[in-house]
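Enquirer: turn this into a structure:
(chains A and B)
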Amino acid sequence: MNSSRTSANAAVRRLMTEYKALVTNGSPDGMFTAGPISESDFFTWEALICGPKDTPFEGGIFCAKLTFPQDYPLSPFKMKFEPPLFHPNIYADGNVCISILHTPGDDPTHYEQASERWSPVQSVEKVILSVVSMLAEPNLESGANIDCCKLYRDNRPEYERMVRESIKEQLGL
Amino acid sequence: MTEPQQPAESRDAQNDDSRSEAPTSTAPVQITPETDISTLSAAQLYDLNQEFLNDSVPTRPLVDTLVPMSVLREEYENGSGLFLQQIDELVEKGFKSIHRTRGDGDCFYRSLAFAYVSQLLASPDQAMSIATSLSLIESTSDLLDMAGFQKMVYEDFMESLTDIIKNVVGPDASGKKLDQETLLTKFQDAETSNYVVVYLRLLTSAQIRADPDTYSPFLFHPEAGVELEPREFCEAFVEATGREADHVQITALSRALQTNVKIAYLDGRSEKAEFVDFTNAVEPEMAPIHLLYRPGHYDILVPA
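Expert: As a prediction, this is how the structure comes out:
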């Protein structure tokens, strides 16, 4: 409304709008839920994501932390799986490497020109949906976990077995 | 009506991305003081110019205070005489002052927005101009929806501009009506200023996406030169902050805002600074917004 509003206010407003929309409409096919971890901090969210069907991730539920910058949505947020997921596009520490979380000028792993990038028209929902497709179809062009990339390329059954094992482990089976 | 021109001749205008640290396919050529300028590519000249702009005033406000053209002239006194002649010619034409803007790749959109609101402020019939402008901007919702942007995603950005425009005729939260000084303050505030820029970027993108037949022939990758789909072009070179505008974007935005824009080219290539016209107002004779272009950068020209 006025020039005195701080950047963080605008970010909080947008985050609240997104949160409200997610709570009201849910996610497509109930694939994920996401929201602030605590009401006192709108800049840290937790997302619970269902492993997509017909992939080795099926049956798993994965927890990711979303960290928003003060100037969101001008800048993208960061997404980190906790605990880390074994996947070609997820770093060993759990951070997700996906083009939609990078602006066009910021190209850590040579994304293709046509790949979708961050801009203020993206949203938590769009990013998580992209991450879900990424789980189903890793992008070996922009690998984050090189060992996992190699395994995925050279020995797909073993990759799938390891993913399934890790899910069982997470579920305590 | 000005058709967008092939981006080839002004290709250097688009590669404005100071954050781009990505390795490119071409090996960087070392440029030393001995390098013959004529051997450099447009992109290299652009980078040099951008470096100069960034180095000369590292912390220029997003939109700087109004200064006489002589301030700009001083910077070129040791350079090519053609630049000085072009500046002098602009002054003779009545462009006596300039608002300079930060060279952050958003300067076209920021300059245009600032000049657009300035024009509303100076309108002899403010109430009418404001009403027309607000109804136009509100109607852009349809265009933005059609382009596939969610209301949730664009409304805050749109509101940042409509709030400023409403403030021309009505007091804001601080109880004051807008004047040139508070307009400048608002455009120096990073959030307000950047939100307006994002709105104009989305509007430009929506205009291009909604009319692919008109724009497709002009959508090229500014460096690689390959044709791009409207979606690809808009995502990478319109919606993304920090990406400089070229003919296509200027044409699209001037059409979406139904406004006339005249851009003076200060390029040191001839004795006169040529103007490129984008005439898209309903009334073709409507007073245009004047901007100054130097390769890779836009500032706001102020008559008188």
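Enquirer: following element in sequence after the longest helix seen in chain A, please.
Expert: Secondary structure of chain A read by DSSP state H shows that its longest helix is helix A:7-25. Sequence-wise, the next helix or strand downstream of helix A:7-25 (DSSP states H and E) is strand A:32-38.
Enquirer: does chain B have contacts with that next one?
Expert: No. With C-beta under 8 Å from any C-beta of the partner chain as the criterion, chain B is not reached by strand A:32-38; the gap is at least 14.6 Å. Yep, even glycine has a C-beta here, placed from its N, CA and C like the rest.
Enquirer: give me the contact list for the longest helix of chain A.
Expert: Contacts with helix A:7-25, where a contact means C-beta atoms under 8 Å, 6 or more residues apart in numbering or on different chains, come from A:33-36, A:42-43, A:45, A:68-73, A:123-125, B:152, B:156, B:190-191, B:195.
Enquirer: pLDDT weak spots in chain A?
Expert: The model of chain A has pLDDT under 70 over residues A:1-7, A:108-114.
Enquirer: may I ask you to name the longest strand in it?
Expert: strand A:41-50 (DSSP state E).
Enquirer: re the thing from before, from the contacts of helix A:7-25, which would you call buried?
Expert: The neighbour count (16 or more other C-beta atoms under 10 Å in any protein chain shown) marks A:33-36, A:42-43, A:45, A:68, A:72-73, A:123-125, B:156, B:191, B:195 as buried among the contacts of helix A:7-25.
Enquirer: related to what we said a few turns ago, what are the buried residues along the longest helix of chain A?
Expert: Those would be A:S7, A:A8, A:A10, A:A11, A:V12, A:R14, A:L15, A:T17, A:E18, A:Y19, A:A21, A:L22, for helix A:7-25 by 16+ other C-beta under 10 Å.
Enquirer: closest one of these to A:S133?
Expert: A:L22 (18.3 Å; C-beta to C-beta).
Enquirer: tell me how many other residues crowd B:E74.
Expert: Neighbour count of B:E74, defined by other C-beta atoms under 10 Å in any protein chain shown: 10.
Enquirer: what's the distance between it and B:G81?
Expert: Distance of B:E74 to B:G81, computed by C-beta to C-beta, to the nearest Å: 14 Å.
Enquirer: now B:Y293
Expert: 20 Å.
Enquirer: over to A:N9?
Expert: 50 Å.
Enquirer: same check, this time on B:Q180
Expert: 34 Å.
Enquirer: of those two, who's got more company?
Expert: B:Q180 (14 against 11).
Enquirer: residues contacting the more buried one?
Expert: B:L66, B:S118, B:L121.
Enquirer: what separates it from B:K96, distance-wise?
Expert: B:Q180 is 15 Å from B:K96, by C-beta to C-beta.
Enquirer: what's the answer for A:S99, then?
Expert: Distance from A:S99 to B:K96, by C-beta to C-beta: 47 Å.
Enquirer: and those two? Which one has more around it.
Expert: Shown here are A:S99 and B:K96; by other C-beta under 10 Å, A:S99 has more neighbours (24 against 16).
Enquirer: and the more buried one, how far from A:V131?
Expert: Taking C-beta to C-beta, one finds A:S99 at 11 Å from A:V131.
Enquirer: check B:G79 too.
Expert: With C-beta to C-beta as the criterion, B:G79 and A:V131 are 51 Å apart.
Enquirer: higher neighbour count, these two?
Expert: A:V131 (24 against 10).
Enquirer: does chain B sit close to whichever strand or helix holds that one?
Expert: In this structure, A:V131 sits in helix A:124-136 according to DSSP H and E. No. Helix A:124-136 stays clear of chain B (C-beta under 8 Å from any C-beta), getting no nearer than 9.0 Å.
Enquirer: which other residues reach the helix or strand following that helix?
Expert: Going down the chain from helix A:124-136, the next helix or strand is helix A:146-154, by DSSP H and E. With contact meaning C-beta under 8 Å, 6+ apart, helix A:146-154 is reached by A:F86, A:H87, A:P88, A:I90, A:P138, A:L140, A:G143, A:E158, A:Y159, A:M162.
Enquirer: let's see which of the contacts of B:Q180 end up in strands.
Expert: Per DSSP E, the subset of those in strands is B:L66.
Enquirer: straight-line length of stretch B:96-113, end to end?
Expert: 20 Å (C-alpha to C-alpha, to the nearest Å).
Enquirer: centre of the chain to that stretch, how far?
Expert: 6 Å (C-alpha atoms, centre = their mean, to the nearest Å).
Enquirer: likewise stretch A:79-97?
Expert: The answer for stretch A:79-97 is 9 Å, by C-alpha atoms, centre = their mean.
Enquirer: return the set of buried residues in that stretch.
Expert: For stretch A:79-97, using 16+ other C-beta under 10 Å, the buried residues are A:79-81, A:84-91, A:94-97.
Enquirer: keep only these that also lie close to chain B.
Expert: Applying C-beta under 8 Å from any C-beta to the buried residues of stretch A:79-97, none is adjacent to chain B.
Enquirer: quick check: closest non-adjacent residue to the most centrally placed residue in chain B.
Expert: The centre of chain B sits closest to B:F108, judged by C-alpha atoms, centre = their mean, with a distance of 1.2 Å. The shortest distance from B:F108 to any non-neighbouring residue, by C-beta to C-beta, 6 or more residues apart in numbering or on different chains, is to B:A245 (3.9 Å).
Enquirer: am I right that that neighbour is in contact with B:V197?
Expert: No. Using C-beta atoms under 8 Å, B:A245 makes no contact with B:V197, being 10.6 Å away.
Enquirer: joint contacts of these two?
Expert: In contact with both B:A245 and B:V197: B:Y109, using C-beta under 8 Å, 6+ apart.
Enquirer: could you report the neighbour count for B:R231?
Expert: For B:R231, using other C-beta under 10 Å, the count is 17.
Enquirer: swap that for B:I87, sorry
Expert: 23.
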